[in-house]
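Colleague: model the structure of this input:
(chains A and B, ligands or ions: 2)
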Amino acid sequence: MSDVLIRVRDLTRDYRLIKRREGVVGGLVDLVRPRWSTLRAVADVSFDIAPGEMVGYIGANGAGKSTTIKMLTGILTPTGGEVTVGGLVPWKQRRQYTRHIGAVFGQRTQLWWDLAVVESFRLLKKIYEVPDDVYAAQMGVFNELLGIDEFLHQPVRKLSLGQRMRCDLAAALLHKPRILFLDEPTIGLDVVAKENVRRFLREIRDLQGVTVILTTHDLGDIEQLCRRVMIIDKGRVHFDGELEELRRRTGHRVRMTVDFREPTSGARLATVTAGLPVVWQEGEGRRHVAEFRRLDVAGADVIKRVVNDCPVRDLALAEPDIEEIVREIYRDSAAAAAPAPGRSA
Amino acid sequence: MSGAAATRLDPWRRSAAATAGLYLHFVRLAFLKFLAYRLRYYTGVISYTIFVAGYYYLYRALYASRAPGPGGVAEMGGLTVGEMITYVAVGWIGRSFYFNNIGRDLMHQVREGQIAMQLIKPYDVQSVMMFEAAGEAVFRLVMFTVPITVVIVPLFGVHLPPQPVLLGWTVLSFTLSLVVYSQLNFLVGCLAFHMKNIDGVLRAKMVSGDFLAGVIVPFSFFPEWFQRVVEWLPFQAIGYLPVMIYLGKRPGDELWQALLVQAGWAVGLWLAGRVAFRRSLRQVVVQGG
Ligand SMILES: Nc1ncnc2c1ncn2[C@@H]1O[C@H](COP(=O)(O)OP(=O)(O)O)[C@@H](O)[C@H]1O
Ligand SMILES: [Mg+2]
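Modeller: Ligands and ions are numbered 1, 2, ... in the order given. This next block holds a predicted model:
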């Protein structure tokens, strides 16, 4: 993987906001002489992406995901830093560049609201100069994978959100773009529709080798689609690596939930596992929770001690979900980079 | 990853023929879109007829109260009563054709962030909006202007132009009005990038625009100084000049001058809209998402 398709260096974007004064008088003063404050939505973000990669860009609401995607798609001009995609600067060579990309923004549609879906596809065919045979082949693929033939002749405004998202995905891929940007493609979809979108993305990646950058705050998207993950919070990238590596960083933390046959005290449990790197959470009565890392101790050893010393009714081991892992990464890098990164008044 | 080979995206250019085909497609789509809402326009035919009827009776009454001039016919602002009614009727018939709301359209797209969907496409947004306006105009011509003409012309005894050839020049002139009007709307719509709400600006532009275009009151009613000022504004190139051509009030070289003034405004406003749109994009944030 020595090829670079997308090169981002120190990408930064500030928004200017009016600092509101209080009350009616304050409101009037704001009109005449606004006080501005600056919000750094994206701060010094750097990364390279190779052709064919499928990268997940995850973070909570307001983390800076959409702002990053807007700069990568050329809609927004950065405050600082560089982006080159295949030798082009998105916001400077917009018409050259957008020929090669497709984009889906979860909350909006690029289809013509008042017209039948197929009219939008015909228009896109003209916009991107898609040859007849490619058009027919692509529409065949989309129908097979997304079943869009069903509603091709309905006006867009009559489609359900899931149907519309399927059409929008097809619309973004009709011209076989080199790069596909997806900003929260599964937002608002039900479980089945989400699953459909994910399956389609997997298949189209394997079929057409498109490079994908996908933002989400739904970790299910990432787990099913991306090997590489970037975690962004308060405008800064806190982790960039493989999903596996992310799991490893947290040392394969395990959470063990034990139901005892009789009320058991925390102090008693602490003595039971004395000498093992196990942490018992605050707990009372019959249910207690312990955490340990598989790297430090074998699960079987912990269980053996507990079961031998106390009457246990039930016991469960759970991997932390990725949301917890992300929270942990935030915590680590926030501690490393005090004062809090990203925001300035 | 330093020193890594950089993948390049292929350069690309749309041929002139493909560009023309694309823009024609936008004309067609806009036509279809408005066709879906055609019911709205049936009421429009009635309201335009009522407007013109109002002016008809107003001017009839005004002229009747006037003493006849030297030629034995009453004149106001250099127009006879028949010319005056023709002026009003042709002005409104023209307006039924060139009118559009692309400024408001652009405002909504900017305010709701939908403009992003255009910016990720490899085309020129301003040109696309112009050709959509053309599609709307074709729709209005067929569904609105023609029915209105058929109703208004016989009903109010609208005159034909003094020479039949002027009819052709008037059509050309109104086509230029469409271009000027659309460019002006686009330019005003660009304000939406900088202001939260430009509804007020748009409404003011529409009313004062109709007034300054001479659609509401003919210029010849205004004092001399006001007419001089209005000559320097784009509005007269929208509503006033085509009607003057129709009435034969732009004889000889003045016809060419009038058309050139219109073309000049079309080009000037197009360039201004280009600059405004580009600068706005660079400075301003596209909302949402
Ligand atoms: N147009 C804007 N004006 C001012 N602040 C904005 C604007 N858009 C986003 N922000 C702020 O920038 C930060 C990042 O926003 P965004 O990139 O939309 O995050 P995400 O997509 O991860 O939810 C948030 O704090 C948000 O409030
Ligand atoms: Mg977002």
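Colleague: what stretches of the stretch 201-345 of chain A score poorly on pLDDT?
Modeller: Applying pLDDT under 70 to the stretch 201-345 of chain A flags the ranges A:250-251, A:321-323, A:333-345.
Colleague: quick one, helices of it?
Modeller: Ranges of helices within the stretch 201-345 of chain A are A:219-225, A:243-249, A:266-272, A:299-309, A:322-336, based on DSSP state H, counting those that start in this stretch.
Colleague: buried sites along the fourth one?
Modeller: Right, helix A:299-309. By neighbour count on 16 or more other C-beta atoms under 10 Å in any protein chain shown, the buried set for helix A:299-309 is A:302, A:305-306. For every residue, glycine as well, the C-beta is placed using N, CA and C.
Colleague: tell me, what residue is most central in chain B?
Modeller: residue B:181 (3.3 Å; C-alpha atoms, centre = their mean).
Colleague: mind checking how far the helix or strand containing it is from the chain centre?
Modeller: Using DSSP states H and E, residue B:181 sits in helix B:165-189. Counting by C-alpha atoms, centre = their mean, to the nearest Å, helix B:165-189 is centred 5 Å from the centre of its parent chain.
Colleague: helix or strand right after it?
Modeller: Past helix B:165-189, the next helix or strand by DSSP H and E is helix B:199-212.
Colleague: which secondary structure elements does that following helix contact?
Modeller: If contacts are counted by 3 or more C-beta pairs under 8 Å, 6 or more residues apart in numbering or on different chains; DSSP states H and E, helix B:199-212 sits against helix B:102-112, helix B:165-189, helix B:236-246.
Colleague: in the longest one, what counts as buried?
Modeller: Counting neighbours by 16+ other C-beta under 10 Å, one finds that the buried residues in helix B:165-189 are B:166, B:169-170, B:173-189.
Colleague: and if you look at the last one?
Modeller: For helix B:236-246, the buried set under the neighbour-count rule, 16+ other C-beta under 10 Å, comprises B:236-246.
Colleague: would you mind giving these as TSV with distance to chain A and pLDDT added?
Modeller: TSV is the format used below for the buried residues of helix B:236-246 (distance: C-beta to the nearest C-beta, whole Å; pLDDT from 0 to 100):
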residue	distance to chain A	pLDDT
B:236	35	91
B:237	31	92
B:238	28	94
B:239	30	91
B:240	34	92
B:241	34	94
B:242	31	96
B:243	34	94
B:244	38	93
B:245	36	96
B:246	35	96
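Colleague: go through the residues you listed and say which is closest to ligand 1.
Modeller: residue B:238 (35.0 Å; C-beta to the nearest ligand atom).
Colleague: so residue B:125 touches residue B:118, yeah?
Modeller: Yes. In this structure, residue B:125 is within contact of residue B:118 by C-beta atoms under 8 Å, at 5.0 Å.
Colleague: between the helices and strands packed on helix B:199-212, which one is nearest to ligand 1?
Modeller: Here helix B:102-112 is closest among the helices and strands packed on helix B:199-212 (C-beta to the nearest ligand atom), at 11.5 Å.
Colleague: and the angle from the closest one to helix B:199-212?
Modeller: 170 degrees (axes from the mean of the first three to the mean of the last three C-alpha atoms, to 10 degrees).
Colleague: and after helix B:102-112, which helix or strand comes next?
Modeller: Proceeding N to C from helix B:102-112, the next assigned helix or strand is helix B:115-119, under DSSP H and E.
Colleague: tell me what that following helix is packed against?
Modeller: Secondary-structure packing of helix B:115-119 (3+ C-beta pairs under 8 Å, 6+ apart): helix B:102-112, helix B:125-140.
Colleague: lowest mean pLDDT across those helices, which one is that?
Modeller: Across those, helix B:102-112 has the smallest mean pLDDT, namely a mean of 89.
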